[in-house]
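Enquirer: Need the 3D shape of this:
(2 chains)
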Amino acid sequence: MGKWATRAIALAYLAFLLIVPVGIVFYRTFKDGFAPFWDAITTPGAEHAFRVTVEVAVFTVIGNTVFGLIAALLIARCRFPGRWMLNAFIDLPLAVSPVVVGLALILVYGRFEPIGRFLDSHGIKVIFSLPGMVLATIFVSLPLLVRVLVPILEEIGTEQEQAAYTLGASGVQTFRRVTLPAIRWALAYGIVLTLARALGEFGAIAVVSGGLVGKTQTLTLYVQQEFQNFDPVGAYAAAFLLALLAIVALIVINVVRPKEHRS
Amino acid sequence: MTHLDLDLPIARPPAAESRRARRPVSSFGLGLGFVMIYLSLIVLIPLGAVVFRANHDGLSGFWHQITRPDALASLRLTLAAAAIVSLVNAVMGTLIAWVLVRDKFPGQRVIDALIDLPFALPTIVAGLVLLALYGPSSAIHLNFAYTRPAVLLALLFVTLPFVVRSVQPVLMELDQQMEEAAKSLGASPITTFRRVVLPNLVPAILAGTALSFARAISEFGSTVLISGNLPFKTEVAAVHIFGQIESDNPTGAAALSTVLLIVALLVLIAFTLVQRWSARRG
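Expert: The predicted model follows:
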């Protein structure tokens, strides 16, 4: 009796908050068949927004993968003064609102700030252009990979790495042949998390991009614009595309995660 | 060996000591240098610039900016909404975790996987999704668009996973013998839960609630479409900051941002303390 009540309450809550609303959006996207959906996501505006989103995500993943690997190795394998501070700094982005991320970058790299002016005079435009959007996305997704890699590195320990060293392997060789294979699934997991976050970022990008249509508009900004221009078909189609990417990422994460426990 | 003379960010046995001594610049130094420059350019200097700009006109200027009626209203709404949402999450998150761990029903694995959806879904899509059921075109004739309940809905949606995902593993590890003992001594299911299960879950519930509070006060994307951003009514702090940036008042935006940063940091410090406390107890 109590069992049925808790189950009913939990499922009803999830249904009304999550499942039915998502279902309605999927239904509305395809209620007139596949053709209107396809037309809506192949407009020049949508295609361009998709391209910008992918560009930002690729640069973000590259930057944060390099950073995440080095930072995780430092935290898991080295003892140095200030290590706890590095740890805390890396978690900092989790406490920052996306809008504040955008503002923070504008206050340094904006055209009216010293550093921004200097870069601008050398022809480098950061704010209202791709570099600023990449910086914003790197900021919000920075902790994800490090937080996945550090526990795995600590768990696998250093025995195999030390064995490689005593057999004469260099640091780079040891990393490539011993450490990297051991953490590859965690690395894949962290990269998918970073990628999913990068594809879906909205707030920070909305501030630094200026949302210039056909220039710095990402898919999430496109959803907002279409919706506010009373074009629900375009908004739903782009939102469905983003949701689909999110669900694929979720499935990949669920497939990758158990593997780590087995190995 | 001092702390700093590791050659690579990988542990190295004493045997390799001699080789390291020949190299003047260690890869440890290079790695740390790269990490610090990357962090500084993207996170630390920009955040410092926010706090610096907030005090552009001195402490009185900062106070003036955050006590403007519209700024204060947005801050009040944000804190109140985040508090309500965190409370609901503490209760519903625990209940959902309980059902996912202790109950068995068909489709459970799918429901379990769906819990992560709000984290994976872009926030702007979250807003759009909620408008589909609770907006002007609602199938069940519930139109919350541009009202305060809409803000709560958006925040509940994006913070759903926090408590569930922090309580779930604790519940799985929990030894059921204690509960059986309580039951055999005549305790009702509710008493058993309250006196035996709940005390073990409290640290996890608190941790999840703290994270959902921190997320709720900084939320932007999901509230944009559904709240209508009406000043004094449905405008949350992040949306107010956005408006101040757009209307060229970076000092005001920075002042309110600083308040949000301080609150979020305090909550995260509380979160860390709760975790240490539970680690000591466990």
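Enquirer: just for the stretch 1-150 of chain B, where's the confidence low?
Expert: Across the stretch 1-150 of chain B, the ranges flagged by pLDDT under 70 are B:1-25.
Enquirer: Could you pull out the helices in chain A for me?
Expert: A:2-14, A:20-30, A:34-41, A:44-77, A:83-91, A:98-109, A:114-121, A:130-156, A:159-166, A:171-174, A:180-200, A:203-209, A:219-228, A:232-262 (DSSP state H).
Enquirer: how about the ones you listed in CSV, adding distance to B:Ala54 and mean neighbour count?
Expert: For every residue, glycine as well, the C-beta is placed using N, CA and C. Shown next, in CSV, are the helices of chain A (distance: least, CB to CB, whole Å; neighbours: other CB atoms under 10 Å in any protein chain shown):
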stretch, distance to B:Ala54, mean neighbour count
helix A:2-14, 39, 15
helix A:20-30, 37, 18
helix A:34-41, 42, 14
helix A:44-77, 28, 20
helix A:83-91, 20, 15
helix A:98-109, 10, 29
helix A:114-121, 18, 14
helix A:130-156, 18, 22
helix A:159-166, 46, 17
helix A:171-174, 44, 17
helix A:180-200, 27, 21
helix A:203-209, 16, 28
helix A:219-228, 27, 23
helix A:232-262, 34, 19
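Enquirer: Of those, which shows the lowest average pLDDT?
Expert: If you rank these by mean pLDDT, helix A:232-262 sits at the bottom with a mean of 81.
Enquirer: could you pull out the helices for the stretch 1-150 of chain B?
Expert: According to DSSP state H, counting those that start in this stretch, the stretch 1-150 of chain B carries its helices in the segments B:17-22, B:27-39, B:45-54, B:58-66, B:69-102, B:108-114, B:117-120, B:123-134, B:148-173.
Enquirer: would you turn those into CSV with distance to B:Thr223?
Expert: Compiled in CSV, the helices of the stretch 1-150 of chain B are given as follows (distance: least, CB to CB, whole Å):
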stretch, distance to B:Thr223
helix B:17-22, 54
helix B:27-39, 29
helix B:45-54, 21
helix B:58-66, 20
helix B:69-102, 9
helix B:108-114, 22
helix B:117-120, 14
helix B:123-134, 7
helix B:148-173, 5
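Enquirer: Can you say which of these is packed in most?
Expert: Compared across the helices of the stretch 1-150 of chain B, helix B:123-134 shows the largest average neighbour count, a mean of 27 (mean count of other CB atoms under 10 Å in any protein chain shown).
Enquirer: So which elements touch that one?
Expert: helix A:20-30, helix A:219-228, helix A:232-262, helix B:148-173, helix B:221-227 (3 or more CB pairs under 8 Å, 6 or more residues apart in numbering or on different chains; DSSP states H and E).
Enquirer: Restrict the last one to CA atoms and write it as PDB.
Expert: Included here for helix B:221-227 are C-alpha records, laid out as PDB according to Å, rounded to 0.1, in the frame of the first residue of the first chain:
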ATOM      1  CA  GLY B 221      18.500  29.900 -19.800                       C
ATOM      2  CA  SER B 222      15.500  27.900 -18.600                       C
ATOM      3  CA  THR B 223      13.700  30.900 -17.100                       C
ATOM      4  CA  VAL B 224      14.200  33.200 -20.200                       C
ATOM      5  CA  LEU B 225      11.300  31.900 -22.300                       C
ATOM      6  CA  ILE B 226       8.800  30.900 -19.600                       C
ATOM      7  CA  SER B 227       9.100  33.700 -17.100                       C
END
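Enquirer: Just checking the distance from it to the centre of its chain.
Expert: 18 Å (CA atoms, centre = their mean, to the nearest Å).
Enquirer: anything in it near chain A?
Expert: Yes: using CB under 8 Å from any CB of the partner chain, helix B:221-227 reaches chain A at B:221, B:224-225.
Enquirer: The helices of chain A into TSV, with extra columns for distance to chain B?
Expert: Putting the helices of chain A into TSV (distance: least, CB to the nearest CB, whole Å) gives the following:
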stretch	distance to chain B
helix A:2-14	4
helix A:20-30	4
helix A:34-41	14
helix A:44-77	4
helix A:83-91	6
helix A:98-109	3
helix A:114-121	8
helix A:130-156	5
helix A:159-166	5
helix A:171-174	4
helix A:180-200	3
helix A:203-209	4
helix A:219-228	5
helix A:232-262	4
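Enquirer: Out of the helices and strands packed on helix B:123-134, the one nearest A:Gly123 is which?
Expert: Nearest of those to A:Gly123, taken as CB to CB: helix A:219-228 at 25.4 Å.
Enquirer: orientation of that closest one relative to helix B:123-134 in degrees?
Expert: 30 degrees (axes from the mean of the first three to the mean of the last three CA atoms, to 10 degrees).
Enquirer: Report all helices and strands that helix A:219-228 contacts.
Expert: helix A:44-77, helix A:203-209, helix A:232-262, helix B:123-134, helix B:221-227.
Enquirer: Output the below-cut-off pLDDT ranges for the stretch 151-282 of chain B.
Expert: B:282.
Enquirer: Spell out which parts of it neighbour chain A.
Expert: Counting by CB under 8 Å from any CB, the stretch 151-282 of chain B sits next to chain A at B:153, B:156-157, B:160, B:189-190, B:214, B:217-221, B:224-225, B:237-239, B:241-242, B:245, B:250, B:253-254, B:257, B:260-261, B:264-265, B:267-268.
Enquirer: distance of the residue in the stretch 51-200 of chain B positioned nearest to chain A from A:Leu199?
Expert: Nearest residue of the stretch 51-200 of chain B to chain A, counting by CB to the nearest CB: B:Pro122, 3.1 Å away. According to CB to CB, to the nearest Å, B:Pro122 and A:Leu199 sit 7 Å apart.
Enquirer: where do the contact lists of the two overlap?
Expert: Shared contacts of B:Pro122 and A:Leu199, defined by CB atoms under 8 Å, 6 or more residues apart in numbering or on different chains, comprise A:242, A:246.
Enquirer: Relative to A:Gly33, how far out is A:Gly68?
Expert: A:Gly68 is 43 Å from A:Gly33, by CB to CB.
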